[in-house]
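Student: below is the sequence, then the predicted model.
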Amino acid sequence: MAKAKSKSKQKWFIKIRGSYLPNNKYGWLTYIPYSGYLVGVLIYSIKTDTGLWRSIFLIVPNWVAAVAVMTWLAGKKS
């Protein structure tokens, strides 16, 4: 029984309904900059005001890449 408890403490993320949520401080230390990056890309695209399509072509690839990396990392660390 003690092994199961210590193993669950080592998980950075827990899987809930197909998504991953931070489980300990290491999970939060990766999740907070990830969220900041997503918000930063959104703010940058709004401030540059280069048009709707350019903003979409800036936001979508950055967000897809960030989500793919974060999902892969969370899958490895959960």
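Tutor: Here it is on my side, so go on. Numbers count the residues shown, from 1 in each chain.
Student: quick one: average pLDDT of the longest helix seen in the chain?
Tutor: Longest helix in the chain, counting residues (DSSP state H): helix 52-77. The average pLDDT within helix 52-77 is 94.
Student: use 867 as the first number for this chain going forward.
Tutor: Done: numbering now begins at 867, and the last item shifts to helix 918-943.
Student: that helix: which residues count as buried?
Tutor: If you call a residue buried by 16 or more other Cβ atoms under 10 Å, then helix 918-943 has these buried ones: 921, 924, 925, 928, 936, 939, 940, 943. (Each C-beta comes from the backbone N, C-alpha and C, glycine too.)
Student: so which of those residues comes closest to residue 880?
Tutor: Using Cβ to Cβ, residue 940 comes nearest to residue 880 of those, at 9.2 Å.
Student: what's the offset of stretch 881-896 from the middle of its chain?
Tutor: Put simply, stretch 881-896 sits 9 Å off its chain's centre (Cα atoms, centre = their mean, to the nearest Å).
Student: quick one: the nearest residue to residue 903 once chain neighbours are set aside from residue 876, how far?
Tutor: Spatial nearest neighbour of residue 903, chain neighbours left out: residue 932 (5.8 Å); criterion: Cβ to Cβ, 6 or more residues apart in numbering. Taking Cβ to Cβ, to the nearest Å as the measure, residue 932 falls 25 Å from residue 876.
Student: what of residue 944?
Tutor: Between residue 944 and residue 876 the distance is 10 Å, computed by Cβ to Cβ.
Student: the residue nearest to residue 903 reaches residue 902, doesn't it?
Tutor: No: checked against Cβ atoms under 8 Å, the pair residue 932 and residue 902 is beyond contact range at 10.6 Å.
Student: quick one: contacts for residue 891?
Tutor: Residue 891 makes contact with no residue, according to Cβ atoms under 8 Å, 6 or more residues apart in numbering.
Student: which pLDDT value belongs to it?
Tutor: For residue 891, the predicted pLDDT is 94.
Student: what are the buried residues along whatever helix or strand residue 902 lives in?
Tutor: Element membership for residue 902 (DSSP states H and E) is helix 891-914. Residues of helix 891-914 classed as buried by neighbour count (16+ other Cβ under 10 Å): 893, 896, 897, 904, 907, 911.
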